[in-house]
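> using only what follows, build the 3D model:
(chains A and B)
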Amino acid sequence: MKRHPLILIAATVVATLAGVHTFGCGAARSARSLAAEKVYVPPGELDKYYGFLSGGQSGSVFVVGVPSGRLIREIPVFEPRAAYGYAMLETDARRQLLESTGGLWGDTHHPVLSEKNGLFDGEYLWINDLANGRLARVRLDYFEADRIIKIPNLQGAHGIAVVSPDTKYIVVNGEFEQPTDGLVTNPAPYTSVVAFVDPEAMEMKFEVRVNGNIDIADTSKDGHYSFSTVYNLEQGRDMGSMIQYDRDAVAAIDIPAAEKAIAAGKGDVRNGVPILDPEKSEGVLTLIPVPKNPHGVNVTPDGRYAIAAGKLSPTVTIIDAHTLKIVAEPEVGLGPLHTTFDNRGNAFTSLFLDSQVVKWNIDKAVTGTSDYIVDRINVHYNIGHLQAVGGDSMHPYGDYLLALNKLSKDQYVPVGPDLPENQEIIDISGEKMKLLASFPTPPEPHDATFIAASVLKPLVHQTYTPSADAVQAGHESVVRTGPHAVSVDMTLIRSAYTPDAFEVREGDQVTMKITNVETIRDMIHGFALPDHNLNIALPPGYTKTVTFDAGKPGVYWFYCTNFCSALHLEMRGRMVVQPKASTVTLTDWHAAENVKGQLVPGVPSTGDKR
Amino acid sequence: MNSRIVYVAAAAMMEAALALPLWGFAMSAPQYPDETLHLQIARGGIVGDVHEVETLQQYIGVRFPTELPELRWAVRAIAALAALLIVAAFTRPRGVGRLYRIACAVAVVAFLAASAVAVQSRLYRVGHERDRHAPIRAVRDFTPPLVGPVKVGNFTVWSFPHAGALILLAASALSIAGARRTVA
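Presented below is the predicted three-dimensional model:
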């Protein structure tokens, strides 16, 4: 039988195409599987690292597992959170502190971890509130904000950094310049300060005046210098005049020199804090010229270089961290913002405009070798910060990098006009970078830092040791402490409140001290009181005191908001608010028969079926 | 070994055993990973994760016995046995002494058997004398064995002799051995 040659050719073409298609799909599938395997943490297994992401305008810190990208916890800091019973009531001391220091909202940007010998020790995390000039400390044994302070004499607390290697100070940059005299009675020139905070006492030590907008901070690994990028040396007050100069600066503050000047009494004290004027204290401040309006500055893990990102310039400026001399200014791409590091001499710089991470070799860039660019990878989209695991310590791990992208566009199913932020996990263990996975978050993480689970996990408590003033089971009470004051000491344990009923009068101030007397981990009970703007969460062993107005007369059922047990729904009790003139007592209420529900015919309503 | 030493040792061990937990229970459930609950029966009563187990018991109507009379009897019986064994240490392995030693061994075995019966009966009552109005209806009556597991709702409860009981067993073995040496 004779075959037509055209059929043979057609058959060959089809077969070839099919083969290519199959092979192509197989390769793509296997690349996907490999990527998935790198970030897959099976149920029951734990992530290798804790990731701390600033919550941005959520005013909190997000805790994310790496490599899985799973959101594990939100730590409320500057904003009340009913779910955690955090700073809810007007009488709450934490809420009052927030209100008196700037408000019930914060804009968190830069989480930084405490260091010992240049290693993260897992004791504390600090986070700034850019909007209201505050600094908060989070205890990592309980994952709770324990101290919040207002930084005097500055507005816009932006970049913060731990002074390496032993957390001598927390450096806080003042971004928004203020009148030099701290007043607005005279037209005074504007200036700003870099603040140095004692990390243990959370007290101001001193400030150094810097003219311009002080942006991102890092410190030399030996603790000698703090580095801050400064834009708008012009001191322009509108955008156009902020970008006039060709070069702005990295401000290097000689910390021992500043300490000496402060000890010699050279600071001008304002709002209780000595401020050093660099013009009067020589050697404290060195301005290193870098292309105008720089953004990030990051010190290499070996402490040799501080690397300033050009932002408007496609370059990074490599500064010798000891001599403060510029050693190179290589081009890396459009819109460089921040740099992080692996443990093999490479730097990774985020490129905001290119929507890329560029990997480059530090030694090659310094020596002017032309092939210093190692790799580029696309991210989605407009990356801001990036952080490799341990890249901000002296010992990077060199395995994962997190890209914190400002826009997500088409990366998730559409959810209306307010799109989520997009974080991407990149494998940096090989020569070429590999995009592994992404995860969305609420607005808006700016920066991140990581600590090995092997370091932090053993330090974390999962129950509280009851405080000395905790309410003990069997010692609950309801006491009238004044004509308009009632004090209730309450305990909770599965599945009941003790007492489960108490009465107060209209116009009373009710003070409740509530102790969760559970001893087993994860047995959290809530205390929600309808129409009183009150919900608190009590982890095992925890005691919380709340004071509130009794409100309108009525029967209010307080109930457990954290699902706890088989009788969770039944875990509730009553606060009976009597009208001022009422003579009815709780005993009368107990005696009164309730309206019973309808029974199903034929089914016994009481007794045991067995 | 000198039979006198054997008897004195057995008597001392019997008294010492009372300082240690006698019986143990280990309770595990899916929602208690890496945190198995433990209870021990000791001379002073029930110790261990009592707080948590009591919190859980209310759901299935199990109650810890507030009184353990059999424990009081056991303490007395052990004291009596120890006294008998001390006397045995001063008997001769012949004639009346021999009969006395055999009687001691019989008493020890009788005590062990009675104890086993008492404990098993107590375990039966814990699993059966429950509050019939307990909220969770799904859990059936149960009898923990002297040694081994039983399923109670979502929990697997293991019973096992604890250090005190093991020392008691060893002491009993010694006293029987004392009698046997004589017989042989």
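> who in chain B is up against chain A?
Residues of chain B lying close to chain A (C-beta under 8 Å from any C-beta of the partner chain) are B:32, B:35, B:51-52, B:55-56, B:58-59, B:132-133, B:135-137. C-betas here are computed from N, CA, C, even on glycine.
> closest one of the residues you listed to chain A?
B:Arg132 (4.1 Å; C-beta to the nearest C-beta).
> tally of neighbours for that closest one?
As a burial measure, B:Arg132 scores 11 neighbours (other C-beta atoms under 10 Å in any protein chain shown).
> wait, it sits on B:Ile60?
No. In this structure B:Arg132 lies outside contact range of B:Ile60 using C-beta atoms under 8 Å: 11.1 Å.
> which of the residues of chain B next to chain A fall in strands?
Of the residues of chain B next to chain A, none are assigned to strands by DSSP state E.
> from the residues you listed, list just the buried residues.
Among these, those scoring as buried are B:32, B:52, B:55-56, B:58-59 (criterion: 16 or more other C-beta atoms under 10 Å in any protein chain shown).
> okay, buried residues for the lowest-mean-pLDDT helix or strand in chain B please.
Sorted by mean pLDDT, DSSP states H and E, the helices and strands of chain B end with helix B:163-183, the least confident at a mean of 85. Residues of helix B:163-183 classed as buried: B:163-165, B:167-168, B:171-172, B:174-179, B:182 (neighbour count, 16+ other C-beta under 10 Å).
> out of those residues, who's nearest chain A?
When the buried residues of helix B:163-183 are compared against chain A (criterion: C-beta to the nearest C-beta), the nearest one is B:Ala163, at 24.7 Å.
> so what's the closest one up against?
B:17, B:20-21 (C-beta atoms under 8 Å, 6 or more residues apart in numbering or on different chains).
> what do you get for A:His109?
A:54, A:56, A:127-128, A:130, A:158-160, A:446-447.
> tell me which element the closest residue to A:Gly85 other than its chain neighbours is part of?
The spatially closest residue to A:Gly85, leaving aside those adjacent along the chain, is A:Ile536, at 3.1 Å (C-beta to C-beta, 6 or more residues apart in numbering or on different chains). Under the criterion of DSSP states H and E, A:Ile536 resides in strand A:534-538.
> pull the longest helix from chain B.
helix B:95-128 (DSSP state H).
> and it, what other elements does it pack with?
On a contact count with 3 or more C-beta pairs under 8 Å, 6 or more residues apart in numbering or on different chains; DSSP states H and E, helix B:95-128 meets helix B:69-89, helix B:163-183.
> which SS class is the residue nearest to B:Ala79 when sequence neighbours are not counted?
Nearest non-adjacent residue to B:Ala79, counting by C-beta to C-beta, 6+ apart: B:Glu15, 7.3 Å away. In three-state terms, and counting by DSSP: H, G, I helix; E, B strand; the rest coil, B:Glu15 is helix.
> my read: B:Glu15 touches B:Ile78, true?
Yes. Applying C-beta under 8 Å, one finds B:Glu15 in contact with B:Ile78, separated by 7.0 Å.
> quick one: strands adjacent to whichever helix or strand comes after the longest helix of chain B?
Tracing the chain past helix B:95-128, the next element assigned as helix or strand by DSSP H and E is strand B:148-152. Here strand B:148-152 is paired, per DSSP bridges, with strand B:155-161 (antiparallel).
> for the partner strand, the distance to its chain's centre please.
Distance of strand B:155-161 from the chain centroid (C-alpha atoms, centre = their mean, to the nearest Å) equals 14 Å.
> tilt between it and helix B:163-183?
Orientation check (axes from the mean of the first three to the mean of the last three C-alpha atoms, to 10 degrees): strand B:155-161 against helix B:163-183 gives 30 degrees.
> can I get strand B:155-161 in CSV, CA atoms only?
Provided in CSV are the C-alpha atoms of strand B:155-161 (Å, rounded to 0.1, in the frame of the first residue of the first chain):
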residue,chain,number,x,y,z
PHE,B,155,-8.8,9.0,75.8
THR,B,156,-6.7,5.9,76.0
VAL,B,157,-6.0,5.2,79.7
TRP,B,158,-3.0,2.9,80.5
SER,B,159,-2.8,1.4,84.0
PHE,B,160,0.4,0.0,85.3
PRO,B,161,2.2,-0.8,88.6
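> could you list the buried residues of it?
Buried, per 16+ other C-beta under 10 Å, within strand B:155-161: B:155, B:157-159, B:161.
> that one to helix B:95-128, inter-axis angle?
170 degrees.
> surely A:Ser68 touches A:Pro42?
No. Look at A:Ser68 against A:Pro42 with C-beta under 8 Å: they stay out of range, at 9.6 Å.
> comparing the two, which residue is more hemmed in?
Remark: of A:Ser68 and A:Pro42, A:Ser68 carries more neighbours, 21 against 6, as counted by other C-beta under 10 Å.
> how many other residues sit next to the closest residue to the more buried one other than its chain neighbours?
Nearest residue to A:Ser68 in three dimensions, chain neighbours excluded: A:Val41, at 4.1 Å (C-beta to C-beta, 6+ apart). When neighbours are defined as other C-beta under 10 Å, A:Val41 has 15 of them.
> what sits against A:Val41?
A:47, A:65, A:67-68, A:70.
> again with A:Val138
Taking C-beta under 8 Å, 6+ apart, one finds A:61, A:75, A:77, A:124-127, A:144-146 in contact with A:Val138.
> for PyMOL, what selects the buried ones among those residues?
Of the contacts of A:Val138, the buried ones go into a single PyMOL selection, burial set by 16+ other C-beta under 10 Å:
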select buried, chain A and resi 61+75+77+124+125+126+127+145
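> among the contacts of A:Val138, which one lies nearest to chain B?
The closest of the contacts of A:Val138, once distances to chain B are taken by C-beta to the nearest C-beta, is A:Glu144, at 22.7 Å.
> thought that closest one was touching A:Glu74?
No. Using C-beta under 8 Å, A:Glu144 makes no contact with A:Glu74, being 11.8 Å away.
> where do the helices sit along chain A?
A:5-39, A:93-100, A:239-242, A:255-263, A:362-367, A:453-456, A:586-591.
> for the closest residue to B:Leu85 other than its chain neighbours, phi and psi?
Residue nearest to B:Leu85 in three dimensions, not counting chain neighbours: B:Ala11, with 4.1 Å by C-beta to C-beta, 6+ apart. With angles defined as degrees, to the nearest 10, B:Ala11 sits at phi -60, psi -40.
> quick one: B:Ala11 and B:Val147, what's the gap?
26 Å (C-beta to C-beta, to the nearest Å).
> who's more crowded, the two?
B:Ala11 (24 against 11).
> roughly how far apart are that one and B:Arg92?
18 Å.
> swap in A:Pro579?
92 Å.
> count the neighbours of A:Val290 for me.
26.
> that one: what's it in contact with?
A:229, A:247-250, A:308, A:310, A:317, A:319, A:326.
> list the contacts of A:His322.
Taking C-beta under 8 Å, 6+ apart as the test, what A:His322 contacts is A:220, A:224, A:304.
> so which of those wins on neighbours?
Of the contacts of A:His322, with other C-beta under 10 Å as the count, A:Ser220 tops at 22 neighbours.
> can you list the low-confidence ranges for the chain?
Let's take chain A. A:1-6, A:8-25, A:584-594, A:598-610 (pLDDT under 70).
> my bad, the chain I had in mind was chain B
In chain B (pLDDT under 70), the answer is B:1, B:181-184.
> fine, thanks again, bye for now.
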